[in-house]
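**Student:** sequence and predicted structure, then a few things I'm wondering about:
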Amino acid sequence: MGRKTSVPDTVARAVPPSTERLFRTPTIDGEAATSVNSVNALPTAPSTAPASIRPSGTFLLVVAATVAGVWWSVTNPDVGNGTAVFLLVLAGWILSLIFHEFAHAVVAWRGGDTSIPSKGYLTLDPRRYADPLTSIAIPLFILIAGGIGLPGGAVWINRSALRSRAIASLVSLAGPATNLIFAAACLLPLSMGVIDPDSQPVLAAGLGFLGFLQVFAFVLNMLPVPGLDGFGAIEPFLPRSVLVAIAPLRSFAIIGLILVLFAVEPVRSALFDLIEAVMAVFGADQTVSGDDLRAAGVDTDLPARELPLRSVGWELFRFWDRG
């Protein structure tokens, strides 16, 4: 995507424009870069759009689908051969993506970026958060294909309007914080005994898997890698020389990270050790057996021995593999 720049070429290539996506936008030593994206330029005057949170119909549909997945898992887990877990996890994951991006936007709005309402970010409409392919379709494909919760989406923030470096850092941290909140909502009812895996094995398995996805997304997104929120949180405080040095790597950092995670076993093990450590904080060690599921009416070939809830949830999520 072309950019118009009013700074020397050497600086323009090294300094992210003030209208970059959230994952690419922090300022240099507290001073906003002067480059402007020629397509997505931010307004120079305060927005006249209603500055209020107005949930969209699309958002309400996602909420309804999530609630339906919970209800289905509790009342009729045998109907559809456990397919209720697919609806619960899929809708719940989309809901978490929405709140992740909404959190970035609402903190930026409160922190000084008055352009946020005009972009529709306060409507919680997933279609407003970047493009449907990279924000929703690709993360959902990776979820369905591999059971991995990759962060998706991005919001456009006018970092030059933010009141301080601390606020710029909080904008980045707000998204992963919602993943932790979702993880707590999924996992704490299990660890506290509010939801009993023995009596509600399908619901427990679905929540266990969805909670794992949230923890995975949190840990991955907090890595200090350019393009992820963990780096966005420290970037406003980094010296110019560091940002200039890493600028050429920005476009390849996330792809490189994914390749390293797949190819280098020690790195992958370290990541999953971190995930397990966070899961342990929530007391996420509950199990369920294939016998429990069969007693609930689910046709499954899972063994009679006890298995981690997230593993069972992944198996139920992939209902098409059970024939």
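**Tutor:** It's in.

**Student:** low pLDDT regions in the protein?
**Tutor:** Scanning the chain for pLDDT under 70 picks out the ranges 1-51, 78-82, 130-136, 146, 151-152, 322-323.

**Student:** can you give me the helices for it?
**Tutor:** Assigned by DSSP state H, the helices in the chain fall at 9-14, 57-75, 84-110, 132, 138-146, 165-191, 201-221, 229-234, 240-246, 250-263, 265-281, 290-295, 309-317.

**Student:** what about Ala245, neighbour count?
**Tutor:** Neighbours of Ala245 under the rule other CB atoms under 10 Å: 12. C-betas here are computed from N, CA, C, even on glycine.

**Student:** ranking the helices of the chain by burial, who's on top?
**Tutor:** Neighbour counts (mean count of other CB atoms under 10 Å) averaged over each of those peak at helix 201-221, with a mean of 27.

**Student:** who are the packing partners of it?
**Tutor:** With contacts defined as 3 or more CB pairs under 8 Å, 6 or more residues apart in numbering; DSSP states H and E, helix 201-221 has these neighbours: helix 57-75, helix 84-110, helix 165-191, helix 265-281, strand 287-289, helix 290-295, helix 309-317.

**Student:** swap in 6 Å and give it another go.
**Tutor:** Applying 3 or more CB pairs under 6 Å, 6 or more residues apart in numbering; DSSP states H and E, we find helix 201-221 packed against helix 57-75, helix 84-110, helix 165-191, helix 265-281, helix 309-317.

**Student:** now tabulate those helices in CSV and tack on distance to Arg127.
**Tutor:** Output for the helices and strands packed on helix 201-221, formatted as CSV (distance: least, CB to CB, whole Å):
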stretch, distance to Arg127
helix 57-75, 7
helix 84-110, 10
helix 165-191, 18
helix 265-281, 30
helix 309-317, 25
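
**Student:** could you report the distance from Ala296 to Gln200?
**Tutor:** 8 Å (CB to CB, to the nearest Å).

**Student:** and Leu259, by the same measure?
**Tutor:** 40 Å.

**Student:** Gly211 too?
**Tutor:** From Gly211 over to Gln200 the distance is 15 Å, taken as CB to CB.

**Student:** and if you look at Phe317?
**Tutor:** The value you get for Phe317 to Gln200, if CB to CB is used, is 16 Å.

**Student:** next one: Thr123
**Tutor:** Between Thr123 and Gln200 the computed distance is 34 Å (CB to CB).

**Student:** what does Ile255 give?
**Tutor:** Distance from Ile255 to Gln200, counting by CB to CB: 40 Å.

**Student:** which one of the helices and strands packed on helix 201-221 lies closest to Ile246?
**Tutor:** helix 165-191 (16.0 Å; CB to CB).

**Student:** what packs against the closest one?
**Tutor:** Helix 165-191 packs on helix 84-110, helix 201-221, helix 229-234, going by 3+ CB pairs under 6 Å, 6+ apart.

**Student:** end-to-end on stretch 228-241?
**Tutor:** 20 Å (CA to CA, to the nearest Å).

**Student:** separation between Thr66 and Asp229?
**Tutor:** With distances taken as CB to CB, Thr66 is found 23 Å from Asp229.
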